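Student: Let me see the structure of the following:
(one chain, ligands or ions: 1)
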Amino acid sequence: MSSNKASKSQLSAFTSFMTGLASSGGDIASVTAPPFILAPISLVEYTQYWAQSQQLFLDAADDGISGEERILRVLRWFISTLRGQYCSRNESMGTEKKPLNPFLGELFTGKWSVGEGEDFSVLAAEQVSHHPPISAFGIFNDNKGVTAEGYFGFKTSISATTIGVKQFGHTLLHLKNQDVSYLVTLPALHIEGIIYASPYVELEGHSFIQSSDGYKIDLSYSGKGYFSGKKNTFKAKVMKDGAVINTVKGQWSGKSSLYKGDGKEKGDQGVPFFDSMATDQQKLTVKPIEAQDPLETQRAWAPVREAIKEGDYDKIHTEKSKIEQAQRDLRAEEKEKGESWQRKWFTEAISSKEDPTTDAVYRGLLEQLGEEGLFVRDSNWRFSRDGYNSGNVHA
Ligand code: CLR
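Tutor: Next up, the predicted model:
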């Protein structure tokens, strides 16, 4: 099947999947899905979408630019990540699909070459929780002094015509040479196209970016049939000291423009801000599967991924069961020994004010963000550079 039009049998298989989902109370991992809605990609791999445009990821770290210019560059980078995050399965496979549910300790690592030789960025991602699924990641470029670290998890709610998804977690961008940080929160979304069995993601509600040098961005999202009538619409209000200094409007998967102030000034036509289709995306380089660690996602799931590509339902089931059984055995073994699984590249910091392990930067930004940021969970998965260097599977 190459188009995104579903056949009759797919429609009915999809409908019964949705019915199963509804009666499970939205526990997506527990419902068996027909092969054609399975993606041969694990959720831990979705972390790479944060830096597919290396140029925009590193752009805010230039010297000699104002705080105002910098926050706009951070915004451009953030907008540039959305098409990968939310449209790439549709673009490569025709529809949104159900990703592989990563096992605890599943790893994903690789690098992007930026310039010659030592000029590259590294991604280290790990599944830090299985139930609920939480993936954490660190992306760093030592040459430019840029680090992004974060984690994500989600909660779903099901109705007959849509799946609602609320994300928890955040991304923290740190620019070492400028000594500024940006806390980025994650938008809510829902799945459209369910009744045609051709699901796709639409973003909704608000997300925020709070900088340590006093800027704040309030992003709002809407889709087809709302005020603009276009899919993937967003509006970003860039604020300083409570005043809106710039507004960016457009489609995050397409074009957007920058306006002065609140964007309502008469005659302000805006200037082009970002064009997703005209932006280069660099592919992350990962080791060939044979050279990967057994915990690395592409190696661990290789037989399942193959079975999904072949559409072989029995093989998918057999191979998946092997992984699940091995995980159950591991947990049983740990329980017997009174041990618990050691995360390789991340540590959990509980962000209560009394806790000395609290990350001050994260906590400070969260406080500036105020009430709106509170859905960002209390615990915080922090990337441990030392852990990565010593246990580096990406030589
Ligand atoms: C994961 C974190 C990424 C952004 C993102 C994009 C799409 C989301 C995904 C997250 C979580 C899993 C998700 C997916 C869309 C569909 C899929 C909610 C939040 C569910 C599990 C599958 C539903 C099955 C239908 C497609 C039939 O940064």
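
Student: Residues of the stretch 1-150 of the chain that sit close to the ligand?
Tutor: 28, 37, 43, 46, 85, 86, 96, 97, 98, 99 (CB under 6 Å from any ligand atom). Where you see a C-beta, it was placed from the backbone N, CA and C, and this is true even at glycine.

Student: Please apply the same query to the stretch 151-300 of the chain.
Tutor: 152, 154, 163, 165, 167, 191, 199, 201.

Student: switch the cut-off to 8 Å
Tutor: Within the stretch 151-300 of the chain, the positions near the ligand by CB under 8 Å from any ligand atom are 152, 154, 156, 163, 165, 167, 186, 189, 191, 194, 199, 201.

Student: Am I right that the fifth one is in contact with residue 154?
Tutor: In other words, residue 165. Yes: counting by CB atoms under 8 Å, residue 165 does reach residue 154; the two are 5.2 Å apart.

Student: picking up where we left off before, with pLDDT and neighbour count added, can I get the residues of the stretch 1-150 of the chain next to the ligand in CSV?
Tutor: Shown next, in CSV, are these (pLDDT from 0 to 100; neighbours: other CB atoms under 10 Å):
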residue, pLDDT, neighbour count
28, 79, 18
37, 92, 19
43, 97, 23
46, 98, 22
85, 97, 21
86, 98, 21
96, 96, 23
97, 95, 18
98, 95, 18
99, 96, 18
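
Student: In strands only, show me those residues.
Tutor: Among those, DSSP state E puts 98, 99 in strands.

Student: Just give me the closest of the residues of the stretch 1-150 of the chain next to the ligand to residue 286.
Tutor: Using CB to CB, residue 46 comes nearest to residue 286 of these, at 14.2 Å.

Student: I'd guessed that closest one sits against residue 97; true?
Tutor: No: between residue 46 and residue 97 no contact is recorded; they are 11.9 Å apart, counting by CB under 8 Å.

Student: quick one on the thing from earlier: in strands, which of the residues of the stretch 151-300 of the chain next to the ligand appear?
Tutor: Among these, the members found in strands (DSSP E) are 152, 154, 156, 163, 165, 167, 189, 191, 201.

Student: how many neighbours does the fifth one have?
Tutor: Pointing back at residue 165 there. Using other CB atoms under 10 Å, residue 165 is surrounded by 19 other residues.

Student: is it in a bridge, and if so with what?
Tutor: residue 156, residue 189 (DSSP bridges).

Student: contacting residues for it?
Tutor: 154, 155, 156, 188, 189, 190, 191 (CB atoms under 8 Å, 6 or more residues apart in numbering).

Student: how close does residue 305 get to the ligand?
Tutor: According to CB to the nearest ligand atom, to the nearest Å, residue 305 and the ligand sit 17 Å apart.

Student: you'd agree that residue is up against residue 297?
Tutor: No: taking contacts as CB under 8 Å, residue 305 lies outside contact range of residue 297: 9.3 Å.

Student: Find the residues that touch each one of the two.
Tutor: By CB under 8 Å, 6+ apart, residue 305 and residue 297 have these common neighbours: residue 100.

Student: Which one's more surrounded, these two?
Tutor: Set residue 305 next to residue 297 and count neighbours by other CB under 10 Å: residue 297 wins out with 25 against 21.

Student: Hmm, residue 103 and that one touching each other?
Tutor: No: using CB under 8 Å as the test, residue 297 is too far from residue 103 to be in contact (9.2 Å).

Student: Now the buried members of the contacts of residue 165.
Tutor: The neighbour-count test (16 or more other CB atoms under 10 Å) marks 154, 188, 189, 190, 191 as buried among the contacts of residue 165.

Student: possible to save these as CSV with pLDDT?
Tutor: Shown next, in CSV, are the buried ones among the contacts of residue 165 (pLDDT from 0 to 100):
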residue, pLDDT
154, 92
188, 95
189, 97
190, 97
191, 95
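
Student: Quickly name whichever of the residues you listed is closest to residue 343.
Tutor: Distances from residue 343 to these, taken by CB to CB, are shortest for residue 154, at 19.6 Å.

Student: Let me see the contact set for the closest one.
Tutor: Here residue 154 is in contact with 133, 165, 166, 167, 168 (criterion: CB under 8 Å, 6+ apart).

Student: ok, now how distant is the third one from residue 154?
Tutor: What it means is residue 166. Counting by CB to CB, to the nearest Å, the separation of residue 166 from residue 154 is 6 Å.

Student: which neighbours do these two share?
Tutor: Counting by CB under 8 Å, 6+ apart, nothing touches both residue 166 and residue 154.

Student: In this structure, where's the longest helix?
Tutor: Ranked by residue count under DSSP state H, the longest helix found in the chain is helix 67-93.

Student: Show me what counts as buried in that one.
Tutor: 70-90, 93.
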